[in-house]
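Trainee: sequence first, predicted coordinates after that:
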Amino acid sequence: MKIEPPFLVDNKGDYFFSQNFYHKLGQVCRRAVSYSKISLFLLVCSFVSTAAYTQSRTYLYDYHLYQKINSTVYGIDTNLHTAIRPVFPNDSLQYRRLDSLSSLLTDTSSNRSWGYRKLFAEHLIQIERPDYNVYIDFLPDFQIGRDQSNSRTTWLNTRGFQIQGNIGKKFRFYTSAYENQAALPAYLTNFVNATGVIPGQVNDKFGPSRTNKDWAYASAVINYTPNKYFSFVLGQDKNFIGDGYRSMLLSDVSANYPFFKIETTLGQVRYVNIWAQFQDLKAPRLSYENGFRRKFGVFHFLDWNVSKRLSLGVFESIIWQKNDEIGRRGFDVSYVTPIIFLRTVEGANGSPDNALLGFNGKYKFAKNLTTYGQFILDEFTAKEFFGGNGYWANKFGIQLGVKGFDALKIKSLNFLAEFNTARPYTYSQRTSVLSYGHYNQPLAHPFGANFREYLAIVDYSYQRFQFSLQGNIAKYGLNPVGAVSYGKDIFKSYNDRVGLYGNTMGQGIATDFIYLDGRTSFLLNPKTNLRLELGAVFRNEKNSLMDDKTAWVTFGLRSSFRNLYQDF
């Protein structure tokens, strides 16, 4: 009898799971789900696995990792700029604790074999010298699962790598790349087919013609910190501003983009400047040679630690298109000056661009409890803003949240509760090229606008075991079929709005959204977050026209510190 191996090699030399492997594991998943209801499975799993303890040389990005170090970052005696992410940990004293956390789980004693140390304790390749360090890792993400509601077997075959290190004390670098093939659950497949992009990553290589998806993408960041006042970052990556799980100002929901960032620190004030280039996949291409339509963005964020308890921040941004059908504008040098008020420059240019103004804040009102919030203002007319008549241009968003650590006096029990909302047409503009989005996804909240969302996350760590539970409840208004915009899709023109007045939250097709995500994992190697992970998802999107349910269970060998969202 011929036995097919679990891994095969294609004509390009790439490894992939065999169909027989997926078939066998799919049978296991179907039996597991048939023996128990998905709700009971969620109860058994309890919690979502989080990005685990890591060694302090790693480029910190995953939100859940910040949850793990809440006691250090948000402690009552700390005075840190927590709203600016991602970071190179060596730049911030708060991340020193990661060294000790990693050492608790890492056994590098000489009596251990080379294979044991590489699998459970060390980077795959680590070169440590007095004047430079280099670390290289293989990052697998192999999953098998079952979308029970849609009777389909799911799988993910990701092979990635990361290279990171430093040259001297002032120069650091990080790069990673991933090659992926997957059979996704129905709701994610529908999203990819509708938008043409893999959420948070890159475009779908072959489009809706193939059920299974294939894609590849990379990240790269270099950092130069000449002194304690300045830090310069050049990268193809993402940025996040805020203390919550979501951000109404600038989030990491969409795909990577090229950017240049300057961080300036003077006393208790940190000032961030970001210049970035984005792509719009919805606007018609001007030519095949020019590729997708491009636009530029500039962001300013000033964060002031008023005290160890209170932090206040001011945010502003401008989005402008690179060119249109009749002319080329390119990069506008009037937005280069890092200390200028952007809205005044945009007004002096004739107000052709998309300007946003926002506020961020946090307050530690107990030794293990922090409240935080954001306010984003897209357009403002005082008479209409306070008129209460549903004026379409009353475009704003709000975030309120609370987070804490060591809850109920239980070490490493972290929690977060958060409310987010954005009025119809917030973030949208005259054309999709000017919208506050990139690669067919928003630059802020994944729901876009015209929504209310409540979410909670609880996570707990015990030695190498990680547990977490996440729940989201939202209400929003979808667009009926047609050209009229009801305000949720930020890529639709606000000129196609449903009316001048009478616009309300949730207008359009009133939709209820529920998302539950539970995972538990066992950490194998803290250096790469290599772990065995068991998870389950229940998702329901319901309105008068549909009742879309997903009950999805997964198991896999996972690694990396990526922050990818599937709760939308």
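Mentor: Okay, I see it.
Trainee: helix, strand, or coil at Pro208?
Mentor: Following DSSP: H, G, I helix; E, B strand; the rest coil, Pro208 is assigned to helix.
Trainee: hang on, it packs against Asn193?
Mentor: Yes: using Cβ atoms under 8 Å, Pro208 is in contact with Asn193, at 4.1 Å. C-beta coordinates here come from the backbone N, C-alpha and C atoms, glycine included.
Trainee: more crowded one of the two?
Mentor: Between Pro208 and Asn193, counted using other Cβ atoms under 10 Å, the more crowded position is Asn193 (15 against 12).
Trainee: just to be sure, that one is in a helix?
Mentor: Yes: the assignment for Asn193 by three-state DSSP puts it in a helix.
Trainee: any idea how far it lies from Gly437?
Mentor: Distance, Asn193 to Gly437, by Cβ to Cβ, to the nearest Å: 19 Å.
Trainee: cool, and Ser219?
Mentor: Taking Cβ to Cβ as the criterion, Ser219 is separated from Gly437 by 20 Å.
Trainee: pick out whichever of the two has more residues nearby.
Mentor: A count of neighbours by other Cβ under 10 Å puts Gly437 above the other of Ser219 and Gly437, at 28 against 19.
Trainee: so in terms of bridging, what pairs with that one?
Mentor: Pro442 (DSSP bridges).
Trainee: just Val298 next, same as before
Mentor: Following DSSP bridges, Val298 is listed with bridge partners Trp275, Ile318.
Trainee: that one reaches Thr337, doesn't it?
Mentor: No: using Cβ under 8 Å, Val298 is not in contact with Thr337, being 9.9 Å away.
Trainee: which of these two has more residues huddled nearby?
Mentor: Shown here are Val298 and Thr337; by other Cβ under 10 Å, Val298 has more neighbours (25 against 12).
Trainee: confidence score at the more buried one?
Mentor: Looking at Val298, its pLDDT stands at 95.
Trainee: check contacts around it.
Mentor: Contact analysis of Val298 by Cβ atoms under 8 Å, 6 or more residues apart in numbering lists Asn273, Ile274, Trp275, Ala276, Ser317, Ile318, Tyr335, Leu342.
Trainee: repeat that with 7 Å
Mentor: Neighbour list for Val298: Ile274, Trp275, Ser317, Ile318, Tyr335, Leu342 [criterion: Cβ atoms under 7 Å, 6 or more residues apart in numbering].
Trainee: out of these, which is most surrounded?
Mentor: Of all the contacts of Val298, the highest neighbour tally under other Cβ under 10 Å goes to Ser317, namely 26 neighbours.
Trainee: how much space between Asn440 and Gln279?
Mentor: Going from Asn440 to Gln279 by Cβ to Cβ gives 9 Å.
Trainee: neighbours of the nearest residue to Asn440 once chain neighbours are set aside, how many?
Mentor: Distance criterion Cβ to Cβ, 6 or more residues apart in numbering; nearest residue to Asn440, sequence neighbours excluded, is Thr195 at 4.3 Å. Thr195 has 17 neighbouring residues, counting by other Cβ under 10 Å.
Trainee: now do Asn450
Mentor: 29.
Trainee: measure it to Ile398 for me?
Mentor: From Asn450 to Ile398 the distance is 13 Å (Cβ to Cβ).
Trainee: could you do Ile509 as well?
Mentor: Distance of Ile509 to Ile398, computed by Cβ to Cβ: 23 Å.
Trainee: kindly report the same for Ala474.
Mentor: In terms of Cβ to Cβ, Ala474 sits 14 Å off from Ile398.
Trainee: in the stretch 151-300 of the chain, which spans are helices?
Mentor: For the stretch 151-300 of the chain, applying DSSP state H, counting those that start in this stretch gives helices covering 186-195.
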